[in-house]
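1. Sequence and predicted structure are below.
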Amino acid sequence: QRAGSHGVMKMTVIGCGYLGATHAACMAELGHDVLGVDVDATKIESLGAGTVPFFEPNLDDVLKRNIAAGRLRFTTDFAEAAQFGRVHFLGVGTPQQPTSGAADLTALRTAVRALVGQLRGEHLIVGKSTVPVGTSAELADEIAALARHASVELAWNPEFLREGFAVDDTLRPDRIVVGTDPGRPDSRAADKLAEVYRAILDEPTPYLTMDWATAELVKVSANAFLATKISFINAISEICEVAGGDVTALADAIGHDARIGRRFLNAGLGFGGGCLPKDIRAFAARAEELGVGSALSFLRQVDEVNMRRRTAAVAMVERACDGSVLGRNVAVLGAAFKPESDDVRDSPALAVAAQLALRGARVAVFDPKAMGNAARGFPTLRYAESAPAAARNADVVIVATEWAEFVHMSPDELSGIVARRLIVDARRCLDGDSWTAAGWDYRALGSTVDG
Ligand code: NAD
């Protein structure tokens, strides 16, 4: 999939977190000369030494291979970045503001200021971070004011990668979306970016060009849709809980309708992570700023349904423990917001673990990859070194992240270890019959199980 030597371009990727580090390594994999830039010196040192500072399947290989090939380097120096390439990707974080649902664009503005004043000649800046609609237009004004010695164009190229599949999603995306300045019909930005992605586009991959605002909206609309789909099935599961009904069988049945589709219809503990929760809040906040808040008021409910799953999981555990978890030993299996990731940002698993600890439970957490991040965020929880170690003497075991090693866990492995054979499947990912057959009290979040 590598570009021929004639297609090699020099580019920088500014912001080297989950998105940026993956993008930098994958652009080098395509054959380009890439310089990764971040303000976090520890991260840059680690990446430069060929070690991914987070868990992402296959990324380590791609990183090491391309560093060894001399196509990939990392720096904290923006002057070096300004000189190095003509194309600059922006992949810095756009977190939720602490006091509102809106997106915090400070890192984006800081990065742009650090770069643009130092540019000479012709450059293309390509935003990849998820931003509120209108951000490109605003940043472009700022760039024009800062670029005294350069001609700088801005394109927005939102990223759709999934953590856990980031490398594959970057090298084989479903589509590439590029937004350009609607006031510059002569813009060459989309052509230039098509050169960057030539090896991917040859596959072939849909290349969708549009104006800035549409591109910005594509990303947040996609995330709003996915979040809505998850909350939809979780809302239905609330009905199943009280009326009877198997939400999994229901999802299978409605999922056969091609207009609906089965994916993203798994009821359970809901969504978390560094994207969906903050993106729907930021989208709703932006709609309000634009005076059309009512258009997206349903996203508030999507958020509420989602957050309610965490409360429901805690309540289910309490009921299972005869009304109180005070002094009970609780094993929480899973800390990452989803499997195949070590990301614990807004993790439903840790939210449940923390709530149970607040109610007086003695909580032991195990996660195959996210222990370090979990311990940094929730230092007072106890961390066990394996699932059986977490389950030792447990009054209740909770499966909170559907890692394969939990899904395929044999009930017999835990039967002799726990104080009581009680399992709460908050992800509805276990084979309940096999747990019941092994003498366990099996309860799935979203089912009628008020024993
Ligand atoms: P992250 O927190 O892992 O990475 C952000 C990086 O930006 C950090 O390494 C941070 O040190 C760096 N940074 C902050 N300020 C900077 C500055 N002024 N100059 C240079 N670097 C700076 O976040 P992430 O998950 O990679 O997300 C980044 C963006 O990509 C967000 O807008 C997010 O919504 C979007 N996104 C993320 C994913 C995902 O799965 N993680 C998918 C699609 C889109």
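-> That came in fine, so what should we check first?

2. which residues in this protein form strands?
-> 10-14, 33-37, 72-75, 87-90, 121-127, 150-156, 176-180, 207-211, 329-333, 362-366, 382-383, 396-399, 422-425, 441-444 (DSSP state E).

3. could I get those as a markdown table with mean neighbour count?
-> C-beta: built from backbone N, CA, C; applies to glycine. Formatted as a markdown table, the strands of the chain follow (neighbours: other Cβ atoms under 10 Å):
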| stretch | mean neighbour count |
| --- | --- |
| strand 10-14 | 25 |
| strand 33-37 | 25 |
| strand 72-75 | 22 |
| strand 87-90 | 26 |
| strand 121-127 | 21 |
| strand 150-156 | 22 |
| strand 176-180 | 23 |
| strand 207-211 | 16 |
| strand 329-333 | 27 |
| strand 362-366 | 24 |
| strand 382-383 | 16 |
| strand 396-399 | 28 |
| strand 422-425 | 26 |
| strand 441-444 | 21 |
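
4. got JSON lines for those strands, with distance to the ligand and mean pLDDT too?
-> Formatted as JSON lines, the strands of the chain follow (distance: least, Cβ to the nearest ligand atom, whole Å; pLDDT from 0 to 100):
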{"stretch": "strand 10-14", "distance to the ligand": "5", "mean pLDDT": "98"}
{"stretch": "strand 33-37", "distance to the ligand": "6", "mean pLDDT": "98"}
{"stretch": "strand 72-75", "distance to the ligand": "11", "mean pLDDT": "98"}
{"stretch": "strand 87-90", "distance to the ligand": "8", "mean pLDDT": "98"}
{"stretch": "strand 121-127", "distance to the ligand": "9", "mean pLDDT": "98"}
{"stretch": "strand 150-156", "distance to the ligand": "12", "mean pLDDT": "97"}
{"stretch": "strand 176-180", "distance to the ligand": "12", "mean pLDDT": "98"}
{"stretch": "strand 207-211", "distance to the ligand": "16", "mean pLDDT": "98"}
{"stretch": "strand 329-333", "distance to the ligand": "23", "mean pLDDT": "98"}
{"stretch": "strand 362-366", "distance to the ligand": "22", "mean pLDDT": "98"}
{"stretch": "strand 382-383", "distance to the ligand": "22", "mean pLDDT": "98"}
{"stretch": "strand 396-399", "distance to the ligand": "23", "mean pLDDT": "98"}
{"stretch": "strand 422-425", "distance to the ligand": "26", "mean pLDDT": "98"}
{"stretch": "strand 441-444", "distance to the ligand": "28", "mean pLDDT": "96"}
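
5. Distance to residue 134 for these - can I get that in CSV?
-> Output for the strands of the chain, formatted as CSV (distance: least, Cβ to Cβ, whole Å):
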stretch, distance to residue 134
strand 10-14, 21
strand 33-37, 25
strand 72-75, 31
strand 87-90, 16
strand 121-127, 12
strand 150-156, 11
strand 176-180, 12
strand 207-211, 12
strand 329-333, 41
strand 362-366, 41
strand 382-383, 43
strand 396-399, 42
strand 422-425, 43
strand 441-444, 43
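
6. show me the residues around the closest residue to the ligand within the stretch 1-150 of the chain that make contact.
-> Going by Cβ to the nearest ligand atom, the ligand is nearest to residue 17 of the stretch 1-150 of the chain, at 1.8 Å. By Cβ atoms under 8 Å, 6 or more residues apart in numbering, the contact set of residue 17 is 38, 43, 54, 91-93.

7. can you check residue 229 too?
-> Contacts for residue 229 (Cβ under 8 Å, 6+ apart) come out as 264-265.

8. Report the separation between it and residue 312.
-> Separation of residue 229 from residue 312 (Cβ to Cβ, to the nearest Å): 19 Å.

9. And for stretch 209-222, what's in contact with it?
-> Stretch 209-222 is contacted by residues 130-137, 140, 154, 156-160, 177-182, 190, 208, 279-280, 282-283, 286 when judged by Cβ under 8 Å, 6+ apart.

10. again, 7 Å this time
-> Outside stretch 209-222, the residues that touch it by Cβ atoms under 7 Å, 6 or more residues apart in numbering are 130-131, 133-137, 156, 158, 160, 177-182, 190, 279, 283.

11. One more: stretch 114-122?
-> With Cβ under 7 Å, 6+ apart as the test, stretch 114-122 has contacts from 14, 78-79, 81-82, 86, 88, 143, 146-147, 149-152.

12. tell me the phi and psi of the residue of the stretch 201-350 of the chain found nearest the ligand?
-> Nearest residue of the stretch 201-350 of the chain to the ligand (Cβ to the nearest ligand atom) works out as residue 274 at 4.7 Å. Dihedral angles of residue 274 (phi, psi; degrees, to the nearest 10) stand at phi -80, psi 0.

13. which one is it nearest to, not counting chain neighbours?
-> Distance criterion Cβ to Cβ, 6 or more residues apart in numbering; nearest residue to residue 274, sequence neighbours excluded, is residue 345 at 3.9 Å.

14. Let me know the closest of the contacts of stretch 114-122 to residue 225.
-> The closest of the contacts of stretch 114-122 to residue 225 turns out to be residue 14 (Cβ to Cβ; 28.6 Å).

15. Bridged to that closest one, which residues?
-> Counting by DSSP bridges, residue 14 is bridged to residue 37, residue 90.

16. thinking again about what came up before, next one: the residue of the stretch 201-350 of the chain closest to the ligand from residue 94, what distance?
-> 10 Å.

17. Let me see the contact set for residue 149.
-> Counting by Cβ under 7 Å, 6+ apart, residue 149 touches residue 120.

18. same question but for residue 411, I mixed them up
-> 434-435, 438, 440.

19. Excluding sequence neighbours, find me the nearest residue to it.
-> Spatially, and ignoring its direct neighbours in sequence, residue 411 is nearest to residue 438 (3.6 Å; Cβ to Cβ, 6+ apart).

20. just residue 77 next, same as before
-> For residue 77, ignoring the flanking residues on the chain, the nearest one in space by Cβ to Cβ, 6+ apart is residue 37 at 7.6 Å.

21. Please tell me I have it right and that neighbour contacts residue 11.
-> No: in this structure residue 37 lies outside contact range of residue 11 using Cβ atoms under 7 Å: 10.8 Å.

22. Please identify every residue contacting each of the two.
-> With contacts taken as Cβ under 7 Å, 6+ apart, residue 37 and residue 11 have no neighbour in common.

23. pLDDT weak spots in the chain?
-> For the chain, the stretches flagged by pLDDT under 70 are 1-6, 449-451.

24. try 50
-> 1, 451 (pLDDT under 50).

25. ok, the nearest residue to residue 255 once chain neighbours are set aside - contacts?
-> Distances taken as Cβ to Cβ, 6+ apart place residue 262 nearest to residue 255, at 2.9 Å, with adjacent residues excluded. Counting by Cβ under 7 Å, 6+ apart, residue 262 makes contact with 251-252, 255.

26. ok, residue 262 to residue 25 distance?
-> When distance is defined by Cβ to Cβ, residue 262 is 32 Å away from residue 25.
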